[in-house]
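Student: One predicted model, sequence on top.
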Amino acid sequence: MTDNHTSPSKAHQREPMRVNDVEKRWNDPAALRLASVYCLVVVVVAVVAGAVYAGTDQPIWAWAVPVVFLAGGIGALVQGYRIWRRGGRWPIWQGAGWLLFALMLATLALPVAR
């Protein structure tokens, strides 16, 4: 009589090892540089959108800055998900996404600050 509970399944044996997500010592300077440049580009685009909003009286431009930060945050989280699927160091991109979401929330007051 064989015990099926002691032997691992074949599907489990073929699954690649994943990175330990609990480990907090991430060291990937290239990914940190790339995420920093990404955040900087999003901030520059948002500042340009804000400058356009300051020079016009059209209220639609008031939403341009928060929308840029929202799109940038979603893009950073998508990149983090893609890196997680490959087994890479995804928390760097998750942090970039949450930073851009926080900037989006801070800039939601811009339409009424005018």
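Tutor: That came in fine, so what should we check first? Numbers count the residues shown, from 1 in each chain.

Student: Could you use CA atoms for every contact and neighbour count after this?
Tutor: Fine.

Student: All the helices of this structure, residue numbers only.
Tutor: Taking DSSP state H as the criterion, the chain contains helices spanning 10-14, 29-54, 64-85, 91-107, 110-113.

Student: Least reliable of these by average pLDDT, please.
Tutor: In terms of average pLDDT, helix 10-14 trails the rest of the helices of the chain, at a mean of 51.

Student: What about the closest residue to residue 66 other than its chain neighbours, how many residues nearby?
Tutor: Nearest in space to residue 66, with sequence neighbours left out and distances taken as C-alpha to C-alpha, 6 or more residues apart in numbering, is residue 104 at 4.7 Å. Residue 104 has 21 neighbouring residues, counting by other C-alpha atoms under 10 Å.

Student: residues contacting residue 104?
Tutor: 65-70 (C-alpha atoms under 8 Å, 6 or more residues apart in numbering).

Student: which two in the residues you listed are spaced the farthest apart?
Tutor: Spanning the widest gap among the contacts of residue 104 are 65 and 70, at 8.7 Å by C-alpha to C-alpha.

Student: So those two - more neighbours on which side?
Tutor: More crowded of residue 65 and residue 70, by other C-alpha under 10 Å: residue 65, with 26 against 21.

Student: That one reaches residue 109, doesn't it?
Tutor: No. Using C-alpha atoms under 8 Å, residue 65 is not in contact with residue 109, being 10.5 Å away.

Student: how close does residue 60 get to residue 53?
Tutor: Applying C-alpha to C-alpha, to the nearest Å, the value for residue 60 to residue 53 is 8 Å.

Student: who has more neighbours, these two?
Tutor: A direct count of neighbours by other C-alpha under 10 Å for residue 60 and residue 53 places residue 53 higher, at 20 against 10.
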